[in-house]
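Colleague: my questions are about this predicted structure, shown below with the sequence.
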Amino acid sequence: MTDNKPEITQEPERTERPERAERPERPERSERPERQERGQRGDRRRFVSRPKYCQFCTDKNLKIDYKNVELMGRYINETGKIRPRRQTGACAKHQREVATAIKNARHIALIPFEGDFWAEY
């Protein structure tokens with residue numbers, strides 16, 4: 001009988017590291033052109049984030065209600081997902097209430113679960 005076992009060959013250990021490509025020399029700061037000359041972000045304005053305030057904390061008369069579809073529409077993106085706090089600016093307490101109201105409105109079919117329903121608003 002012959003043995004049909006595959007032969008196991010051992011690879012030799014690699015002790016040397018491959019050579020790295022050397023970086024080209026950078027010119028001194030005084031020799032480099034200014035940002036406007038280089039054309040990087042010179043003509044565009046930088047994004048400055050405004051501090052966000054909770055809409056419901058500032059206006060005490062505004063109530064979170066699942067029947068107010070227009071108000072709930074501000075807290076849903078175009079695909080139908082609930083927008084996070086960092087986008088809406090709502091505090092944690094009111095964000096939880098808004099999420100519950102949106103879920104209630106979805107359940108009784110005032111708001112669709114997904115889709116571009118908000119394109120008309």
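Modeller: Great, that's in hand. Note that this is a predicted model, so its numbers are computed, not measured.
Colleague: can you point me to the longest helix in this structure?
Modeller: Of all the segments of type helix in the chain, defined by DSSP state H, the longest one is helix 92-107.
Colleague: any chance you could list what contacts that one?
Modeller: Counting by Cβ atoms under 8 Å, 6 or more residues apart in numbering, the neighbours of helix 92-107 from elsewhere in the structure are 54-57, 64-67, 69, 72, 75-76, 82, 85, 88, 90, 111-113. C-beta coordinates here come from the backbone N, C-alpha and C atoms, glycine included.
Colleague: residue ranges with poor pLDDT in the protein?
Modeller: Low-confidence segments of the chain, defined by pLDDT under 70: 1-3, 5-9, 11-19, 27, 29-45, 47-49, 116-121.
Colleague: ranges for the strands of it?
Modeller: For the chain, applying DSSP state E gives no strands.
Colleague: all the helices of it, residue numbers only.
Modeller: 35-38, 55-58, 69-73, 85-88, 92-107.
Colleague: mind putting these in JSON lines, distance to Q10 and mean neighbour count included?
Modeller: Below are the helices of the chain laid out as JSON lines (distance: least, Cβ to Cβ, whole Å; neighbours: other Cβ atoms under 10 Å):
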{"stretch": "helix 35-38", "distance to Q10": "53", "mean neighbour count": "10"}
{"stretch": "helix 55-58", "distance to Q10": "68", "mean neighbour count": "15"}
{"stretch": "helix 69-73", "distance to Q10": "66", "mean neighbour count": "15"}
{"stretch": "helix 85-88", "distance to Q10": "54", "mean neighbour count": "13"}
{"stretch": "helix 92-107", "distance to Q10": "59", "mean neighbour count": "16"}
